[in-house]
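Chemist: Structure for the following, please:
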Amino acid sequence: MEFDYSAEKLLSILNQQDECDWIEAKGGGSISKSAMETVCAYSNEPGIGGGYILLGVAEDHGQLFGQYTVVGVSDLDKVQKDFASMCSSMFNIPIRPKIEVETIGEKAVVKITVVELDSSKKPLYIEKSGLPSGAFRRVGSTDQRCTEDDLRVFYSSTESYDVSTVEGSSLADIDETAVDRYRKLRENINPAAEELTYNDGDLLLSLGCLNRKNRSELTLAGLLLFGSAKALRAYYPMLRVDYIRVPGNQWVPTPDDRFVTIDMRGPLLTLLFRLVDAINADLPKGFLLSDNELQADSSGLPTKALREAIVNALMHRSYREHRPTQVVRYDNRIEIINPGYSLKAEDRLGEPGSETRNPFIAAVFHETNLAETKGSGIRAMRIMMRESHLAPPMFESDRINNQFTSRLLLLHFLDEKDLRWLSRFDALKLSDGQKQALIFIREVGAIDNARYRQLVDCDVLQASQELRALRDLGVIVSKGKGRATYYIPSPSMNDQDTALSTGARELSTGARELSTEAQELSTEAQELSTEAQELSTEAQELSTEAEVKTTRDNKELFSELIDPKISSLLDSLGKRERDSSKIEKIIVEICSKRAIKAAELATILGRNEDYITRKYLNVLLDRGEIAYLFPELRNHPQQAYVSVKA
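Modeler: Next comes the predicted model:
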């Protein structure tokens with residue numbers, strides 16, 4: 001570690017920010033498996049240098065803002081011996097962390113320092129579980145199991161997936177137009193490039209597009225970069241790009257408003273330009289200006305920023321996943337949903353350095369100047385969007401669903417109207433980042449630490465401090481606890497003159513709407529991972545049935561949603577229903593009627609909201625049967641769920 005912090009200093013840092021990738025607090029009891037997973041993650045994660053574990057410090061959910069407090073360690077000698085013993089025996093190689101006892105107040109805590117392993121010793125993994133599932137990486141403030149893609153980070157000599165052979169393919173599957181496009185783009189960059197003198201066969205071989213042992217077969221990179229649309233459909237029918245135009249700002253908000261979709265297939269070197277042209281043609285005329293005419297005061301979406309986002313998607317997506325890349329055009333944003341989470345930590349996006357999933361595809365994009373390989377593409381996008389007075393792009397990496405989402409928000413920041421609105425806060429002496437956050441909250445409805453960091457381009461600590469300053473000034477209100485904290489407008493901010501400008505997004509269920517602070521808590525923070533807690537859900541479900549209305553009363557309360565089909569399904573449910581598919585079917589049917597909150601679903605089903613969220617909603621989200629109404633902010637105070645059935 002670069003610095004040697006005391007336990008008291010680490011506790012202070014932990015309470016100053018909502019999340020941390022290099023400090024983990026654990027209770028003072030027995031050594032849990034999760035502590036060993038944290039040791040593994042700290043040892044493996046490139047770039048952070050390791051991290052600290054504090055035993056005897058726990059988050060106090062009873063406090064308003066979820067502060068960490070000292071609970072102490074009772075049997076210091078046993079805890080230290082157990083921890084050292086497990087570190088030396090559980091992993092494929094022994095780990096020797098530094099274990100120290102310190103006192104905070106009158107209570108003893110154990111500070112454990114774990115140093116990142118040398119690259120030659122990675123990946124560390126739990127020997128009993130093996131690879132890849134026994135290895136862990138530190139992603140934000142969580143420990144995540146490694147996948148095959150993660151192993152490539154540790155085994156740099158391992159052959160990448162994009163040079164695997166496509167059996168049965170041949171040079172007849174090549175689109176000559178794509179090869180000509182490469183030659184022209186390459187010539188523009190370097191007319192004297194040696195590869196331009198090669199014939200097509202030698203050129204493809206030099207680019208890693210042909211099997212070196214059998215030059216008549218294409219590699220995956222060769223098929224994707226230069227293969228014809230016919231060949232791509234024959235070998236990989238789901239490796240395409242879907243351009244989807246959705247009316248309004250929500251994903252199919254009503255069953256009658258259907259989206260328009262265009263399935264696009266072809267070699268990446270030509271598909272890229274077709275996709276950019278399709279999006280440009282669909283943007284309002286006032287948005288788009290040519291690059292030569294782009295000025296700092298332009299309100300147009302920069303073509304280069306759009307192209308950079310699409311290139312990143314095509315270059316970094318996981319081609320192991322047989323599902324299309326989706327480019328969804330809403331009225332207020334463009335979302336690019338890509339298979340494959342980011343190999344680079346989400347809070348390090350935009351920093352120098354690039355981790356490439358498809359090195360041969362990336363090399364071709366780099367050599368033709370369609371992309372860079374120094375990790376500066378995202379930072380360049382942010383700069384271009386700001387210069388055009390647009391909100392910076394937002395990014396979300398989702399390891400659970402194995403996807404990465406880029407959002408280009410078509411929200412103009414700090415125009416004349418916004419400056420007039422912000423003038424009412426002049427006396428508060430807000431920073432530029434805080435002013436941008438207020439505009440974002442006004443438009444989107446809420447903000448969290450991650451969104452603030454991307455908006456302002458700052459670190460976790462600065463984001464936490466500036467958001468809390470706004471909260472202390474009474475401009476915004478915090479919701480949730482600890483790492484799941486998010487912020488919404490306060491009554492003083494959200495008065496008649498400053499009402500949210502996206503009223504169409506707001507849900508309105510009148511007197512029927514349930515709205516309690518406990519229900520607004522993020523389900524992410526409520527999800528518990530231990531087996532004992534999962535076993536308790538049945539008891540939790542049964543204990544809350546007496547506290548809610550009966551299903552019959554709830555059917556009357558939500559009569560506008562419950563048609564005869566849903567009514568029949570509800571009647572078929574038992575008080576201790578064991579068939580999860582029945583409840584899942586009811587939820588999907590209800591979500592197809594309109595966007596509905598978890599609290600409303602819990603009331604209809606006569607069960608606890610937390611149980612419904614964890615047991616059913618999260619499962620349906622993972623399977624893609626329902627979607628968030630506000631995907632750009634999962635902790636949105638008006639968050640609800642909609643069906644994605646065609």
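Chemist: Going by C-alpha atoms from here, please, whenever you check contacts or count neighbours.
Modeler: Noted.
Chemist: Okay, now the unreliable bits of the stretch 401-550 of the chain?
Modeler: For the stretch 401-550 of the chain, the stretches with pLDDT under 70 are 413-415, 481-483, 494-550.
Chemist: farthest residue from the center of this structure?
Modeler: Of all residues in the chain, T197 has its C-alpha farthest from the mean position, at 43.7 Å, by CA atoms, centre = their mean.
Chemist: Quick check: pLDDT value at that residue.
Modeler: Confidence at T197, expressed as pLDDT, is 94.
Chemist: May I ask which helix or strand encompasses V642?
Modeler: strand 641-643 (DSSP states H and E).
Chemist: now T113
Modeler: Secondary structure from DSSP H and E places T113 in strand 107-115.
Chemist: The helix or strand following that strand packs against which elements?
Modeler: Next along the chain after strand 107-115, taking DSSP H and E as the criterion, comes strand 136-139. Other helices and strands packing on strand 136-139, by 3 or more CA pairs under 8 Å, 6 or more residues apart in numbering; DSSP states H and E, are helix 33-44, strand 142-145.
Chemist: per-stretch mean pLDDT over those, give me the minimum one.
Modeler: strand 142-145 (a mean of 88).
Chemist: Could you tell me which strands sit next to it in the sheet, and their orientation?
Modeler: Strand 142-145 has the following sheet partners, assigned by DSSP bridges: strand 136-139 (antiparallel).
Chemist: contact partners of the partner strand?
Modeler: Strand 136-139 has contacts (CA atoms under 8 Å, 6 or more residues apart in numbering) with 21, 37-38, 40-42, 44-45, 124-125, 143-146, 345-346.
Chemist: again, only using 10 Å
Modeler: By CA atoms under 10 Å, 6 or more residues apart in numbering, the residues outside strand 136-139 that reach it are 20-22, 36-46, 48, 50-51, 123-126, 142-147, 150, 343-347, 397, 399.
Chemist: quick revisit: quick one: the helices and strands packed on strand 136-139 as TSV, columns for distance to Y611 too.
Modeler: Below are the helices and strands packed on strand 136-139 laid out as TSV (distance: least, CA to CA, whole Å):
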stretch	distance to Y611
helix 33-44	23
strand 142-145	23
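Chemist: wait, which of these is closest to E416?
Modeler: strand 142-145 (41.4 Å; CA to CA).
Chemist: average pLDDT for whichever helix or strand comes after that closest one?
Modeler: Sequence-wise, the next helix or strand downstream of strand 142-145 (DSSP H and E) is helix 148-154. The average pLDDT within helix 148-154 is 76.
Chemist: Just the buried residues of whichever helix or strand comes after helix 148-154, please?
Modeler: Following helix 148-154 in sequence order, the next helix or strand is helix 176-189 (DSSP H and E). For helix 176-189, a neighbour-count test (16 or more other CA atoms under 10 Å) marks 178-179, 182-183, 185-187 as buried.
Chemist: Next secondary structure element downstream of helix 176-189?
Modeler: Using DSSP H and E, the first helix or strand after helix 176-189 is helix 200-206.
Chemist: Run through the neighbouring helices and strands of that next one.
Modeler: helix 176-189, helix 220-226 (3 or more CA pairs under 10 Å, 6 or more residues apart in numbering; DSSP states H and E).
Chemist: Give me the domain ranges for this structure.
Modeler: 7-147, 159-412, 436-506, 512-643 (automatic domain parsing).
Chemist: weakest of the ones you listed by average pLDDT?
Modeler: Among those, domain 512-643 scores lowest, with a mean of 68.
Chemist: How many residues are close by G574?
Modeler: The criterion is other CA atoms under 10 Å. On that basis, G574 has 9 neighbouring residues.
Chemist: R215 - nearest residue in space that isn't next to it in sequence?
Modeler: L205 (7.6 Å; CA to CA, 6 or more residues apart in numbering).
Chemist: The one you found touches L218, doesn't it?
Modeler: Yes: counting by CA atoms under 10 Å, L218 is a contact partner of L205 at 9.2 Å.
Chemist: joint contacts of the two?
Modeler: Shared contacts of L205 and L218, counting by CA under 10 Å, 6+ apart, come down to 211-212.
Chemist: who has more neighbours, those two?
Modeler: Per other CA under 10 Å, whichever of L205 and L218 has more neighbours is L218, with 31 against 17.
Chemist: List the contacts of the closest residue to that one other than its chain neighbours.
Modeler: Closest residue to L218 apart from its sequence neighbours, by CA to CA, 6+ apart: L210 at 4.5 Å. Listed by CA under 10 Å, 6+ apart, the contact set of L210 reads 163-166, 169-171, 201-204, 216-223.
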